[in-house]
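Enquirer: Sequence and predicted model, in that order:
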Amino acid sequence: MKKVKLHELAFARSGDKGDVSNIGLMAKTKEIYEALSKTVTSEKIKEHFRGMIKGNVEIYRMPNLDSLEIILRRALGGGATCTLRFDQTGKSMGQALLRMEVEVEEKLLNEAKKKDEEILKTYRVG
């Protein structure tokens, strides 16, 4: 097992509705998704954000997309019109989550690196 940051295994996109932030965590492969769906827990996410999330953390599995939909309630200091937070609309919450550390098998890390190489090759210009 190796400890790595989520950004090595997944992509993320986040947004908000009022005082609720949502994060889509998209695994780079199906096998990574299976591991993350067991490893990324509500408790672990709440600890990662250390007191920023005042409400519940809900995680919904989306196996058809190899993704997790994560809902962070009472996570934005009241929402865009009320908060004094720098990121009042939760746009950076996904990137912040990608800094969370998880333990995975070395083979999954190798899969992620291979997928990154495929993506770079596909979109490389020139």
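Expert: Everything's here; your move.

Enquirer: Tell me if I'm right that E31 and A112 touch.
Expert: No: between E31 and A112 no contact is recorded; they are 9.6 Å apart, counting by C-beta atoms under 8 Å. In short, each C-beta sits where N, CA and C put it, glycine included.

Enquirer: of these two, who's got more company?
Expert: A count of neighbours by other C-beta atoms under 10 Å puts A112 above the other of E31 and A112, at 21 against 16.

Enquirer: That one: what's it in contact with?
Expert: 8-9, 28-29, 32 (C-beta atoms under 8 Å, 6 or more residues apart in numbering).

Enquirer: quick one: it and K28, what's the gap?
Expert: Computed as C-beta to C-beta, to the nearest Å, the A112 to K28 distance reads 5 Å.

Enquirer: now G18
Expert: With C-beta to C-beta as the criterion, G18 and K28 are 31 Å apart.

Enquirer: same question, K46
Expert: 24 Å.

Enquirer: More neighbours: which of the two?
Expert: Ranked by neighbour count (other C-beta under 10 Å), K46 and K28 place K28 first, with 22 against 18.

Enquirer: Please look at the more buried one and L109 and confirm they touch.
Expert: No: look at K28 against L109 with C-beta under 8 Å: they stay out of range, at 10.2 Å.

Enquirer: any residues in contact with both of those two?
Expert: With C-beta under 8 Å, 6+ apart, K28 and L109 have common neighbours L9.
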